[in-house]
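[1] Just to be clear, the model below is a prediction. Sequence and coordinates:
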Protein chains: 4
Amino acid sequence: MNGYSLNSRKVAASTNEWLEKRGVKRRDIADLVLWAQKSYYADLSVQECEAAVDKVLQKREVQNAILTGIQLDILSEEKKLFSPLQEMIENDEKLYGCDEILALSIVNVYGSIGLTNFGYIDKVKPGILTKLNSKTDGELHTFLDDLVGAVAAAAASYIAHRKQAAAEEKVDLLRD
Amino acid sequence: MNGYSLNSRKVAASTNEWLEKRGVKRRDIADLVLWAQKSYYADLSVQECEAAVDKVLQKREVQNAILTGIQLDILSEEKKLFSPLQEMIENDEKLYGCDEILALSIVNVYGSIGLTNFGYIDKVKPGILTKLNSKTDGELHTFLDDLVGAVAAAAASYIAHRKQAAAEEKVDLLRD
Amino acid sequence: MNGYSLNSRKVAASTNEWLEKRGVKRRDIADLVLWAQKSYYADLSVQECEAAVDKVLQKREVQNAILTGIQLDILSEEKKLFSPLQEMIENDEKLYGCDEILALSIVNVYGSIGLTNFGYIDKVKPGILTKLNSKTDGELHTFLDDLVGAVAAAAASYIAHRKQAAAEEKVDLLRD
Amino acid sequence: MNGYSLNSRKVAASTNEWLEKRGVKRRDIADLVLWAQKSYYADLSVQECEAAVDKVLQKREVQNAILTGIQLDILSEEKKLFSPLQEMIENDEKLYGCDEILALSIVNVYGSIGLTNFGYIDKVKPGILTKLNSKTDGELHTFLDDLVGAVAAAAASYIAHRKQAAAEEKVDLLRD
């Protein structure tokens, strides 16, 4: 394709816009992170969680998965997918797992330690996830639901790495 | 969604139809398997490879990934995706990896031993994969390309399991 | 290595023996499956769950992951690993995720739909998982803990596939 | 576990030491990266590749996988694993895939775009990989072999991200 060149800023900006349009604020995701992590870190603030969410959302792999998932959600709302894919996505079919697959690619950006948090968040569906699943607004979020949980889980992994680094630095300062 | 119930036969039939429509025959995939495996098994026939491909294509996860990928390919041909997702898929953007992610979910149905075969097939692009990448027919196969390679890699893993079972049975017959 | 040939029956038998030796019965894993799935299938019996666990444990990838994980657990008990790997496994270090990675390879044998169940089981740690984490018997189960949860999650996925097949067969009988 | 606290510097230092002891220099891995990528970037230098390898080796997930894999390789050399795990690792059993699973966790640190490179490198086994597979030094590298290929593949992904960033910055300078 002549003339094509990737515009990374546009990909990042588009991800943020689409999350907003689909009803998900960064603060909503930060709340999920805080919900999952506050029992481990008593001093964790929602601001720290939001900074971690920002960090995750800057990753290209995360942006790609979010854009692809939201696009499929929208197309299923508009009934523009071929059958039986249309029905499977529209009904969040139990045996359809491509949403979890894209979510896993998000969790993995900070390693496998996020797997447990992802599953737990995805099962309990606190906060924004309950809203995404309510279907009261006529919107379908078969993919976004899992993707948002995955961003929260990856942000929790990022925080675990950061807290460890902070703890070691402190220890080192005392030692050296 | 009231009244919805999954029709597994329809999902399976649709996968076969869409592969055909997009120019991929089971025999084409079987040829990829034979290409990748003949140096390991001198007596391997294309019929055995085709039977292995059939086995892989019966898996629900494989059907889901293929239908989702082909749908995204078609929508990108019709320029119906939002920007910049449209441009990334249309141009098989190097930093867009959702095609590989769906492919990996196919490879995994017979375990991680298929990873190497997948990568190798995907790089060398023998047979049908060269055709899918030629863009001479006006079609875009950003996803299908990787998905077909993944089916071939999974089929190769299946064959490795079967050949081992056959070898052990023979040994057992001689022993017992 | 001349003379080597894989003995699949020995690998399968060894997996069963080691699970037993490490305090995990098939029934314990079946109980986890039932715990996770009974709200979805009112008529699910522990016998069905145990049959599903059997099915999962027959997969070579599952056996490989279990044997590797139990071996690492035992070596860490015997303090035979080099430092700092010894300390990380011995203390189930939060930032050490190779146990989750092996677990994921088990979950994947029945597709990504098991991810949520895995995370949920691994977080709540019902039944046998609490016992494996108690450290009262002088044993360390850094790997086994996650592997057992993964077998249960994969078995839950297997059941989801089977229940769907049963439902469709019934529907078909009524229709045809 | 009383008194335990992770020492991240020790984990990083240990990874480097063990790679050296097992005969793998950073330059060897950089050579693999250059081999895989030079056809895409005419101006790519081995110094850039080595910097990318450094970046990958600083990731905790990568260090964990390398230490675990080398430990299993060494134990198999010393015949200290239980049977039949000992035989499977010692003989790099075709149906044993835990080495590929750990390798995949390394590839994933820079996303799925590294999968193809991993498979290709792992099949062709250029440079250091041929040496690791030669078994002339009495050493067994069932795991290290795949892990080194995975580090090279992840480094190639890192370079792809960097080259894109550099290209866009240049374009922006010309435009703005």
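    Okay, I see it.

[2] can the longest helix seen in chain A be found next to chain B?
    Using DSSP state H, we find that the single longest helix of chain A is helix A:142-175. No - taking CB under 8 Å from any CB of the partner chain as the criterion, helix A:142-175 and chain B are apart, separated by no less than 10.2 Å. (Each C-beta comes from the backbone N, C-alpha and C, glycine too.)

[3] Report the distance from that helix to the chain centre.
    Relative to the chain's own centre, helix A:142-175 is displaced by 14 Å; criterion: CA atoms, centre = their mean, to the nearest Å.

[4] List the buried residues in it.
    Buried residues in helix A:142-175, defined by neighbour count with 16 or more other CB atoms under 10 Å in any protein chain shown: A:142-161, A:163-164.

[5] right, and A:Pro7 touches D:Ala165 too?
    Actually, residue A:7 is Asn. It isn't Pro. No - A:Asn7 is not in contact with D:Ala165 according to CB atoms under 8 Å; the separation is 11.8 Å.

[6] For chain A, list the residues in contact with chain B, please.
    With CB under 8 Å from any CB as the criterion, chain A meets chain B at residues A:1, A:4, A:6-7, A:10-11, A:14, A:18, A:60-61, A:64-65, A:67-68, A:71-72, A:74-75, A:80-85, A:87-88, A:90-91, A:93-98, A:101-102, A:104-105.

[7] Out of the residues you listed, which end up buried?
    Taking 16+ other CB under 10 Å as the criterion, what is buried in the residues of chain A next to chain B is A:6-7, A:11, A:14, A:18, A:60-61, A:64-65, A:67-68, A:71-72, A:74-75, A:81, A:84-85, A:87-88, A:90-91, A:93, A:95-98, A:101-102, A:104-105.

[8] State the pLDDT value of the residue nearest to the spatial centre of chain A.
    Residue closest to the mean C-alpha point of chain A, counted by CA atoms, centre = their mean, is A:Val151 at 2.5 Å. Note for A:Val151: predicted pLDDT of 98.

[9] How much space separates it from A:Ala12?
    Counting by CB to CB, to the nearest Å, the separation of A:Val151 from A:Ala12 is 14 Å.

[10] Can you work out which residues contact both of these two?
    A:Leu57 (CB atoms under 8 Å, 6 or more residues apart in numbering or on different chains).

[11] Considering only the buried ones among the residues of chain A next to chain B, which also neighbour chain C?
    Counting by CB under 8 Å from any CB, the members of these near chain C are A:95-98, A:101, A:104.

[12] Of the residues you listed, which belong to helices?
    A:98, A:101, A:104.

[13] pLDDT wise, what is the spatially closest residue to the first one that is not a sequence neighbour at?
    Read that as A:Cys98. Closest residue to A:Cys98 apart from its sequence neighbours, by CB to CB, 6 or more residues apart in numbering or on different chains: B:Thr68 at 4.9 Å. Per-residue confidence at B:Thr68 stands at 98 (pLDDT).

[14] Helix or strand, whichever it is, which one in chain A has the lowest mean pLDDT?
    The weakest-scoring helix or strand in chain A, judged by mean pLDDT, DSSP states H and E, is helix A:142-175 (a mean of 90).

[15] Check which helices and strands that helix sits against.
    Using 3 or more CB pairs under 8 Å, 6 or more residues apart in numbering or on different chains; DSSP states H and E, the elements in contact with helix A:142-175 are helix A:26-37, helix A:46-57, helix A:60-77, helix A:85-90, helix A:98-107, helix A:115-124, helix A:128-133, helix D:8-21.

[16] Good, wrapping up.
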